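1. with the input below, show me the fold.
(4 chains)
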Number of protein chains: 2
Amino acid sequence: MPRPPQDLLQGTLDLLVLKTLSWGPAHGYAIARWIQQLTGQVLDVGEGSLYPALHRLEERGLVKSEWQLSPNNRRAKFYQLTTRGRQQLRTETATWTEFVDAVGKVLRTTAQPA
Amino acid sequence: MPRPPQDLLQGTLDLLVLKTLSWGPAHGYAIARWIQQLTGQVLDVGEGSLYPALHRLEERGLVKSEWQLSPNNRRAKFYQLTTRGRQQLRTETATWTEFVDAVGKVLRTTAQPA
DNA sequence: CCTCATACATCGACAGTCGATGTATGAAGC
DNA sequence: GCTTCATACATCGACTGTCGATGTATGAGG
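-> I've put the predicted structure just below:
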């Protein structure tokens, strides 16, 4: 029997990155900004977490990278989802939802189970 | 500026345990069962994670323990929330909600932010 | 008796986060 | 020109928590 939710605990970053990339190719810095901005500062992705995550994802073949020039004319490594990455995004989203529901069930229970 | 959500990633277990104990005193084994049962096997709290967590919580003064006899006449250490633990439960629940909302915001966004 | 479920606990391997730090470069102001 | 700032990459070590395995003990049930 699988036990994926636990992996989810520290796997949220991967999910977030994958999702962000589903909007289109982006480089690390932009990914961090978008997440931060979108969540109103609630989520703060440190670069020390982000870059390793990106490398991890690339090694797993979920994203691929390419050096390009950013809009402001600076050298940047753009990441984009692969087909497998898109697939992974779907399954990880589902797992996340399942996990949140499960925690929610516990939090919403007011009486001790039988 | 605080950055609690990240701590939440591996802090979910604490929250779950705190919540479970809010239903009344319980021993470790029962806590694991309840969580597992309530979530329909989705969440599986390993004993190698649970006991350290319990000890951690006790050291932080959020729960206190007492040896007692379980219903089936077996020696067991019963944990119960302290006042500070109840407080902590409230704040951690709020943080969790905030975190889930934040992730949800990212997951529900379909277009690239400005 | 013998086995099973209960119930505690610890251990080492592993992985991921975090803050600090380092580098480089284009843009913008003076 | 010069300095400063934001962009953009990256790595490092310390720390923490999870996980699976393992160990012990004991009451209940056949």
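2. alongside DNA strand C, which residues does chain A contribute?
-> Residues of chain A lying close to DNA strand C (C-beta under 7 Å from any atom of the strand) are A:10-13, A:45-49, A:52-53, A:56, A:72-75. Bear in mind the C-beta positions are built from the backbone N, C-alpha and C, glycine included.
3. find the nearest non-adjacent residue to A:Arg56, please.
-> Nearest residue to A:Arg56 in three dimensions, chain neighbours excluded: A:Asp14, at 7.4 Å (C-beta to C-beta, 6 or more residues apart in numbering or on different chains).
4. should've said A:Val45
-> Nearest one to A:Val45, counting by C-beta to C-beta, 6+ apart, is A:Ala32 at 4.7 Å.
5. buried only: go through the residues of chain A next to DNA strand C for me.
-> With burial judged by 16 or more other C-beta atoms under 10 Å in any protein chain shown, the buried subset of the residues of chain A next to DNA strand C is A:11-13, A:45, A:53.
6. pick out the most distant pair among the residues of chain A next to DNA strand C.
-> Greatest spacing in the residues of chain A next to DNA strand C, by C-beta to C-beta: A:Gln10 and A:Asn73 (36.1 Å).
7. mind checking pLDDT for A:Val42?
-> A:Val42 is assigned a pLDDT of 89 by the prediction.
8. which SS class is the closest residue to A:Ser70 other than its chain neighbours?
-> Ranked by C-beta to C-beta, 6+ apart and with sequence neighbours excluded, the top spatial neighbour of A:Ser70 is A:Ala76, at 4.4 Å. What DSSP: H, G, I helix; E, B strand; the rest coil gives for A:Ala76 is strand.
9. partner residues bridging A:Ala76?
-> A:Ala76 has these beta-bridge partners by DSSP bridges: A:Gln68.
10. for it, what are its contacts?
-> Taking C-beta atoms under 8 Å, 6 or more residues apart in numbering or on different chains, we find A:Ala76 in contact with A:27-29, A:67-70.
11. now do A:Gly11
-> A:Glu92.
12. quickly find the element holding it.
-> helix A:4-21 (DSSP states H and E).
13. packing partners of the following helix or strand past that helix?
-> As assigned by DSSP H and E, the chain's next helix or strand after helix A:4-21 is strand A:26-27. Counting contacts by 3 or more C-beta pairs under 8 Å, 6 or more residues apart in numbering or on different chains; DSSP states H and E, strand A:26-27 is packed against strand A:75-81.
14. the strand it packs on: which residues count as buried?
-> Here strand A:75-81 shows A:76, A:78-79, A:81 as buried, counting by 16+ other C-beta under 10 Å.
15. now render those as JSON lines, adding pLDDT.
-> Shown next, in JSON lines, are these (pLDDT from 0 to 100):
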{"residue": "A:Ala76", "pLDDT": "96"}
{"residue": "A:Phe78", "pLDDT": "97"}
{"residue": "A:Tyr79", "pLDDT": "97"}
{"residue": "A:Leu81", "pLDDT": "97"}
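16. format those residues as TSV; extra columns: distance to B:Ala102.
-> Shown next, in TSV, are those (distance: C-beta to C-beta, whole Å):
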residue	distance to B:Ala102
A:Ala76	26
A:Phe78	25
A:Tyr79	22
A:Leu81	22
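17. which residues touch the closest residue to A:Ala53 other than its chain neighbours?
-> Leaving aside its sequence neighbours, A:Ala53 sits nearest to A:Leu13 (C-beta to C-beta, 6+ apart; 5.2 Å). Taking C-beta under 8 Å, 6+ apart as the criterion, A:Leu13 is in contact with A:45, A:49-50, A:53.
18. between the buried residues of strand A:75-81, which is nearest DNA strand C?
-> The closest of the buried residues of strand A:75-81 to DNA strand C turns out to be A:Ala76 (C-beta to the nearest atom of the strand; 10.5 Å).
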